[in-house]
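J.: Sequence plus predicted model, see below.
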Amino acid sequence: MRADDIRELKVEEITSRIAELEEERFRLNFRAATEPLQDPLRLRWIRKDIARLKTILRERQLESAR
């Protein structure tokens with residue numbers, strides 16, 4: 001997910017997307033402990049997407065505090 005695409009989303013959509021990705025990350029981490037994953041790089045992509053979402057959410061919080 002690109003930062004430009006994220007900036008077009010509403011705050012509620014961003015928070016729900018973060019929750020979805022964290023749930024997926026939890027499930028993949030759990031599965032990775034018991035069996036090899038088909039796409040191990042998916043964990044990295046999820047982690048980076050979560051970071052992007054949280055960064056843009058924080059930017060909006062700081063803008064609204066001004």
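T.: Alright, I've got the coordinates. Numbering: from 1, shown residues only.

J.: Tell me how many other residues surround residue 6.
T.: 17 (other CB atoms under 10 Å). Where you see a C-beta, it was placed from the backbone N, CA and C, and this is true even at glycine.

J.: and what of residue 51?
T.: Per other CB under 10 Å, the neighbour tally for residue 51 reads 10.

J.: got it, and residue 3?
T.: Burial of residue 3 is recorded as 11 neighbouring residues (other CB under 10 Å).

J.: doesn't residue 52 make contact with it?
T.: Yes - counting by CB atoms under 8 Å, residue 52 is a contact partner of residue 3 at 5.8 Å.

J.: What is the least confident helix or strand in this protein?
T.: helix 3-7 (a mean of 91; mean pLDDT, DSSP states H and E).

J.: Tell me the helix or strand right after that one.
T.: helix 11-34 (DSSP states H and E).

J.: From the contact counts, what lies against that next one?
T.: Helices and strands touching helix 11-34, by 3 or more CB pairs under 8 Å, 6 or more residues apart in numbering; DSSP states H and E, are helix 41-65.

J.: Helix 11-34 and the helix it packs on, what's the angle between them?
T.: Helix 41-65 runs at 150 degrees relative to helix 11-34, counting by axes from the mean of the first three to the mean of the last three CA atoms, to 10 degrees.
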